[in-house]
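Undergrad: predicted coordinates and the sequence they were generated for:
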Amino acid sequence: MYEHRRSPLLPVRLYYIRLARHAALAGLVVLVSLGAGMAGYAYFERLGWIDAFLNSAMLLGGMGPVDAPKTPGGKLFAGCYALYAGLVFLVTGSILLAPVVHRLFHRLHVEERNQ
């Protein structure tokens, strides 16, 4: 997926394409996670889709749920989804930063070889 350290630095145009692909993947992860959260809140807490969206989005954003869960299943789901949302935050951040960090390290290796 990434160029080898002995390969030349990726042209800027291709680098921007790589950034866009990573952003699309991160967006897909967030959308799938949001959909799963909405479905869970709708099933376990019998929330409407707008309220389920709000609770899921708030958890994915790190704010916490708006409606406190009332059913035992809803409480278990909300707890598990909150843990999952924390992981999604880390994963999407890593997906977005991976090409930037790789390019930085690759550039340092290219400059090291040219000296």
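TA: Cool, got the structure.
Undergrad: center of the protein - which residue?
TA: When the chain is reduced to its mean C-alpha position, the nearest residue by CA atoms, centre = their mean turns out to be residue 92, at 2.4 Å.
Undergrad: now the helices for this structure?
TA: Ranges of helices in the chain, per DSSP state H, are 12-44, 49-60, 72-114.
Undergrad: out of those, which comes closest to residue 4?
TA: Among the helices of the chain, helix 72-114 comes nearest to residue 4, with 9.1 Å by CB to CB. All C-beta atoms are positioned from the backbone trio N, CA, C, and that covers glycine.
Undergrad: rewinding a little: is it possible to get CSV of the helices of the chain that adds mean pLDDT?
TA: Listed next are those as CSV, based on pLDDT from 0 to 100:
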stretch, mean pLDDT
helix 12-44, 96
helix 49-60, 95
helix 72-114, 89
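Undergrad: tell me which of these sits most buried.
TA: Burial of the helices of the chain is given as mean neighbour count (mean count of other CB atoms under 10 Å); helix 49-60 ranks first at a mean of 18.
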